[in-house]
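Student: Following is a predicted model, sequence given first.
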Amino acid sequence: MKASLFLPDDAARWDEFCARAHGATFLHSRRFLSYHANRFVDQSIIIEDAGDWLGVIPAARHPVEHDAVVSHPGITYGGVLHQGRLRGGAMISALDCAGSLWRAAGFARLQYKAVPHIYQRAPAQEDLYALFRAGARRYRCDLSSCIDLQHRLPASERRGRAHAKALRAGAQVTAGNEHMRAFWDVLEENLQRKHQTQPVHTLQEITTLGTRFPDRLRLIGALVGGRLEAGTLLFLTDTVAHAQYIASSERGHEVNALDLVLESAIEESRLGGKRYFDFGISTESQGRALNEGLNRFKNEFGAGGVVHEFYEWDLRRNDDAIE
């Protein structure tokens, strides 16, 4: 077994491998990673044995801390992705090979974003055990709200009343990416008004991703008086409908349009065969602060908690194999 750095000529084979990997989603594909490739210095790794690929690790140099490599700074979660051949001791060996290669390239630390279990098509958490064996520490933990669509918890009465209010106000559901520009206007205004921030993606980037992945990005919105006043942009994986962005205008808030949007998105996801509906995290400050109101709002739809775990491995801990 050995580790080698990803090269541009490997892109097609990488995407074919990820399409069958247990813990991979479209975010791990080179088609996704390449939309903002100019932002990062790629340090992705291929684990192989005599030319046979066993696993891949999307990674890049930390944008600020240049002694650190991150799996991956441009996506929500990274991880060692495999098709079942890096179980048990094989995963320990794979991580050791990767660590040696990064260390030889001058990196002192690996920051690792584990893939939450809800995104895995089959159990694939051997990486967490290998990180433990390597002496990695968990330095961050975010809390997300997630509905198990096969065993949904009861929604609160408050959410039921809000949904009814939206219907009485004449709000209508619309689905399809043709309203993306209008939604982006609502989203940008919402983030600026509440948090003085901007979306992680630009409208141009989202439009590019929508063209590359027409079956993976889906906008569900609410029209009030013929104008889009609330919506959610879903990132769709094989198992999860993830609410990448949720936003409402002030008019949308007045009539509880988001309740209509989210309930429609949840039901569409269930009927579409998804196992989970993931609202996203409600934590701030590297996971050390919980937005209680936001978390409560999401949970009132019948959601429970799922964590996003982040680990840091000191690559200089020793030059020997993982114990």
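Tutor: Nice, thanks for sending it over. Numbers count the residues shown, from 1 in each chain.
Student: what about the closest residue to Ser264 other than its chain neighbours, distance to Val240?
Tutor: In space, not counting the residues next to it along the chain, Ser264 is nearest to Val173; the distance is 4.7 Å by C-beta to C-beta, 6 or more residues apart in numbering. The way it works is simple: take the backbone N, C-alpha and C, and place the C-beta from them, glycine included. Val173 sits at a distance of 21 Å from Val240 (criterion: C-beta to C-beta, to the nearest Å).
Student: Looking at these two, which is more packed in?
Tutor: A direct count of neighbours by other C-beta atoms under 10 Å for Val173 and Val240 places Val240 higher, at 22 against 17.
Student: ok, and the closest non-adjacent residue to the more buried one?
Tutor: Per C-beta to C-beta, 6+ apart, closest to Val240 is Tyr276, 4.7 Å.
Student: so that neighbour touches Asp148, yeah?
Tutor: Yes - with contact taken as C-beta atoms under 8 Å, Tyr276 and Asp148 are classed as touching, separated by 6.1 Å.
Student: Would you mind telling me which of the two has the busier surroundings?
Tutor: A count of neighbours by other C-beta under 10 Å puts Tyr276 above the other of Tyr276 and Asp148, at 21 against 15.
Student: What are the boundaries of the helices in the stretch 1-150 of the chain?
Tutor: Counting by DSSP state H, counting those that start in this stretch, the stretch 1-150 of the chain has helices at residues 11-18, 30-33, 89-104, 126-133.
Student: Who are the packing partners of the second one?
Tutor: Helix 30-33 makes packing contacts with helix 11-18, helix 203-212 when contacts are defined by 3 or more C-beta pairs under 8 Å, 6 or more residues apart in numbering; DSSP states H and E.
Student: Tell me who's in contact with the residue nearest to Val240.
Tutor: Each residue near Tyr276 by C-beta atoms under 8 Å, 6 or more residues apart in numbering is listed here: Ile118, Cys146, Ile147, Asp148, Leu149, Thr239, Val240, Ala241.
Student: Now do the domain split for the protein, please.
Tutor: With automatic domain parsing as the criterion, the domains of the chain are listed as 2-141+308-314, 151-274.
Student: For Leu294, find the nearest of those domains.
Tutor: Each of the domains of the chain was scored for nearness to Leu294 using C-beta to C-beta, and the closest is domain 151-274 (9.6 Å).
Student: Need the helices and strands packed on helix 30-33 in TSV (columns: mean pLDDT).
Tutor: Output for those, formatted as TSV (pLDDT from 0 to 100):
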stretch	mean pLDDT
helix 11-18	98
helix 203-212	95
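Student: With distance to Arg158 and mean neighbour count added, can I get the ones you listed in TSV?
Tutor: Shown next, in TSV, are the helices and strands packed on helix 30-33 (distance: least, C-beta to C-beta, whole Å; neighbours: other C-beta atoms under 10 Å):
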stretch	distance to Arg158	mean neighbour count
helix 11-18	41	17
helix 203-212	31	16
